[in-house]
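1. heads up, no residue letters with this:
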């Protein structure tokens, strides 16, 4: 899954004190670029090394790219400078996805035999935006964004207070409290044109996001228009031969699952072969489990 899997597996001789394997140095740089900081504990989430070794790795990286980071008292790590740039990596969001184990990344398939994936990240995620949003989630503070939507393709200004990232198929979203709407919304990161950190505490946190904290069960069945033989084939393909599949997730995430499975909500209009599955009793889903773009451009249940 990781693009640096084998280099740290073992070394034929002890490394000099200040030298570190390239895989860990690349990970340090990737975290600086996309999360805006890297700490001793964060690095050890990806590598089975002791705190002392992680500290040496951090020092080794700074010796190679001093302009990219500066130490912060009490954090046991570094924060990215305003002029941070790739030195050891390509600086691509794909590298960050591979590091954190997100799906849909080239090189993420470790099957042991030749294999390919057609999944691609369709969100253009910017180094000017993602670290700002990531930091706001971590600190519980706000972000002023310029956001485009189908209703407002020219873009609108708004202040959001994000509390979670969402990888939804080929796109990345952020769940946030929108000051303008005075409600929680999903925002497509690919539609954020600018982002500026605002040192203001969130008026509402993720714990107060009722829809986010509401579980909903999506029930999938073979499409009603399939023949008995076709329906049995679909059951074997998707459900291991059982009648259907039940998936329980946070309610606002259910629409993304429906899209991922390409399941029909209106089986009388959404027909095979485009739709092989359908949502069973969609009326039982909470309102927020069906999304639509709102008048202010965010996304919520309709």
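-> Great, that's in hand. The shown structure was predicted, so the numbers you read here are calculated from the model rather than taken from an experiment.

2. Would you mind giving me the confidence score for residue 94?
-> We have a pLDDT of 88 for residue 94.

3. cool, and the one 3 residues further on?
-> What the model reports as pLDDT for residue 97 is 88.

4. and what of residue 75?
-> 85.

5. cool, and residue 168?
-> Reading off the model, residue 168 has pLDDT 85.

6. any idea how far it is from residue 190?
-> Distance, residue 168 to residue 190, using Cβ to Cβ, to the nearest Å: 11 Å. Glycine gets a C-beta too; all of them are placed from N, C-alpha and C.

7. Ok, residue 165 next?
-> 13 Å.

8. The residue nearest to the spatial centre of the chain and residue 147: what is the separation?
-> Of all residues in the chain, the one closest to the mean position by Cα atoms, centre = their mean is residue 167, 3.6 Å from it. To residue 147, residue 167 is 19 Å away according to Cβ to Cβ.

9. Which residue ranges of the stretch 201-302 of the chain form strands?
-> Along the stretch 201-302 of the chain, counting by DSSP state E, counting those that start in this stretch, strands occupy 215-222, 245-250, 263-264, 277-279, 291-293, 299-301.

10. Which one of these has the poorest average confidence?
-> Among these, strand 299-301 scores lowest, at a mean of 46.

11. any idea which strand is longest in the protein?
-> With secondary structure taken from DSSP state E, the chain has its longest strand at strand 156-168.

12. what comes up buried for it?
-> Buried residues in strand 156-168, defined by neighbour count with 16 or more other Cβ atoms under 10 Å: 158, 159, 160, 161, 162, 163, 164, 165, 166, 167, 168.

13. Run through who's touching the next helix or strand after it.
-> Going down the chain from strand 156-168, the next helix or strand is strand 171-178, by DSSP states H and E. Residues from elsewhere that reach strand 171-178 (Cβ atoms under 8 Å, 6 or more residues apart in numbering): 121-123, 125, 133, 137, 143, 158-166, 183-190, 202-206, 209, 212, 252, 296, 298-299.
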